[in-house]
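Undergrad: Sequence and predicted structure are below.
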Amino acid sequence: MRILLVSQMYPGPQDPDLGTFVRDLERALEARGHEIERAVLDRRAGGKRRYAELARRAATAARRFRPDVVHAHFLVPSGLIAAAATRAPLVVTAHGRDVRNVGAVPGVATATRVVVRRAAAIVAVSDYLRRELEAKIPAARHKTHVLDSGVDLERFRGLPAANGPPRYLCVGSLTPRKNVLRLARAFERLGDGTATLTFVGNGPLRHHLEGRTGIVLAGRVPHDDVPRFLADAHVVCQPSLVEPFGQALLEAMATGRSIVGTTIGGPPEFVPPDAGILVDPADDDALVEALRAAARLPRPNPAARAAAATHDVNEQARRLEAILERAARGRRA
């Protein structure tokens, strides 16, 4: 197939960690023999003006490339831009924020309804997200598939873990939704002066974490460097207030790391009990106990690696390929 990829997130020189899950799935589709043309944004800077540039790129690529099918990541704006750029069949993947914005940001609900009507198929990265989308946009019912972006099992290999005091790791933006301040307080309550908690990522709450004993702020790092931090960790934490899927947890599990994750969102769909602890993100006491319990799990944790292996990016690409092919056949028919 000739696939036009449209995404508002894609890794680039300035932001090598941006939308790496989009790139990895694209590469897996290319490995299956498909020809892919990109219309993407590969930087965070630029504000909303970036989307005019994305629209221009999508329209230009569609005229030149003449795709059999278009795959857009995020319902709005990428899905809306893709819908306007070409009459080729459209498949759109919803990742989380795009669904949360429906009803919360003016105009997004109307734009999302346009995208859903236009799309041959919708993909949601978790069943939790599918239910939320269909509740907000009933037209998405009967055309939404659940399919996450998968994990590269070669890049995130099962790695041995060093002995010693517990080393906790959190990978993600330092924002209220990621619940990083509650995680920091729970870590401090452990009372273990030898343990560490490393945050990989940046955000507005960074200054609230600075100077705390045992807490290391690594800042934002390229995605290719994340396996190094995972290899140095014993437990990876993501007790978000809501997590539509939980890509960082899946990558940690692929590396054989036990996890502490949220019960709200996608993690209950792929984290078995022997791979880690899922916790109510608003329960301070439960979070403290989850950190203790996860540190007692095997290092490395073969159950975590085995669970992640069922989400191999190559298998996810095969499943996505079937959805795209059905959409493309619809146009030719």
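TA: Received it, and whenever you're ready, just let me know what you need.
Undergrad: Under the pLDDT cut-off, which ranges of the stretch 201-333 of the chain? List them.
TA: Of all residues in the stretch 201-333 of the chain, those with pLDDT under 70 make up the ranges 331-333.
Undergrad: Nearest residue to the most centrally placed residue in the chain in space, please, no chain neighbours.
TA: Central residue of the chain (C-alpha atoms, centre = their mean): Gln247, 4.2 Å from the mean position. Once flanking residues are discounted, Gln247 sits nearest to Phe21: 5.7 Å by C-beta to C-beta, 6 or more residues apart in numbering. All C-beta spots, glycine's among them, are computed from the backbone N, C-alpha and C.
Undergrad: The one you found belongs to a strand?
TA: No - inclusion of Phe21 in a strand is not indicated when DSSP: H, G, I helix; E, B strand; the rest coil is applied; the result is helix.
Undergrad: Could you report the distance from it to Ala233?
TA: 20 Å (C-beta to C-beta, to the nearest Å).
Undergrad: now Gly164
TA: Distance, Gly164 to Ala233, using C-beta to C-beta: 11 Å.
Undergrad: Name the residue in those two with the higher neighbour count.
TA: The neighbour comparison of Gly164 against Ala233 (other C-beta atoms under 10 Å) goes to Ala233, with 27 against 11.
Undergrad: Just the element for the closest residue to that one other than its chain neighbours, please.
TA: In this structure, Ala233 finds its nearest non-sequential neighbour in Leu169, 3.7 Å apart by C-beta to C-beta, 6+ apart. Here Leu169, judged by DSSP states H and E, is contained in strand 167-171.
Undergrad: Need the residues that contact that strand.
TA: With contact meaning C-beta atoms under 8 Å, 6 or more residues apart in numbering, strand 167-171 is reached by 178, 180, 183, 187, 195-201, 226, 229-230, 232-238, 248, 251-252, 257, 291, 295.
Undergrad: swap in stretch 173-188?
TA: Contacts for stretch 173-188 (C-beta under 8 Å, 6+ apart): 168, 170, 172, 195, 197, 199, 201-206, 208-209, 212-215, 237-242, 262, 281-282, 284, 287-288, 291.
Undergrad: Just the buried ones among the residues you listed, please.
TA: 168, 170, 172, 195, 197, 199, 201-203, 205-206, 209, 214-215, 237-240, 242, 262, 281, 287-288, 291 (16 or more other C-beta atoms under 10 Å).
Undergrad: name the element Gly203 belongs to?
TA: Under DSSP H and E, no helix or strand contains Gly203.
Undergrad: ok, now which ones touch it?
TA: Per C-beta under 8 Å, 6+ apart, neighbours of Gly203: 173-175, 178, 180.
Undergrad: Tell me which entries of the residues you listed lie within strands.
TA: Secondary structure from DSSP state E places none of these in strands.
Undergrad: Leu324: which of those residues is nearest?
TA: Nearest to Leu324, judged by C-beta to C-beta, of the contacts of Gly203 is Ser173 at 30.2 Å.
Undergrad: Let's see the pLDDT reported for that closest one.
TA: Ser173 carries a pLDDT score of 95 in this model.
Undergrad: That one and Thr198, how far apart?
TA: Ser173 is 15 Å from Thr198, by C-beta to C-beta.
Undergrad: One more: Val105?
TA: Relative to Thr198, and taking C-beta to C-beta, Val105 is found at 33 Å.
Undergrad: Neighbour count for those two, which is higher?
TA: More neighbours surround Thr198 than the other of Val105 and Thr198, with 19 against 13 (other C-beta under 10 Å).
Undergrad: Validate this expectation: that one resides in a strand.
TA: Yes - checked against three-state DSSP, Thr198 lies within a strand.
Undergrad: With Ala83 as the reference, measure out to it.
TA: 41 Å.
Undergrad: got it, and Lys48?
TA: 18 Å.
Undergrad: okay, the two: which has more neighbours?
TA: Ala83 (23 against 7).
Undergrad: Apart from its chain neighbours, what residue comes closest to that one?
TA: Going by C-beta to C-beta, 6+ apart, Ala83 has Arg118 as its nearest residue, at 4.4 Å.
Undergrad: Show the backbone phi and psi for the one you found.
TA: Per-residue torsions, Arg118: phi -70, psi -30 (degrees, to the nearest 10).
Undergrad: likewise Arg228?
TA: The phi/psi pair for Arg228 (degrees, to the nearest 10) is phi -60, psi -40.
Undergrad: State the distance from it to Ala119.
TA: 38 Å.
Undergrad: re the thing from before, for the strand holding Leu169, enumerate its sheet partners and note whether each is parallel or antiparallel.
TA: With DSSP bridges as the test, strand 167-171 is paired with strand 196-200 (parallel), strand 235-238 (parallel).
Undergrad: Columns distance to Glu269 on top of the ones you listed, output as CSV?
TA: Output for those, formatted as CSV (distance: least, C-beta to C-beta, whole Å):
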stretch, distance to Glu269
strand 196-200, 24
strand 235-238, 14
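Undergrad: can you tell which of these is closest to Arg141?
TA: Once those are compared by C-beta to C-beta, strand 235-238 is nearest, at 29.5 Å.
Undergrad: No further queries at this time; thank you.
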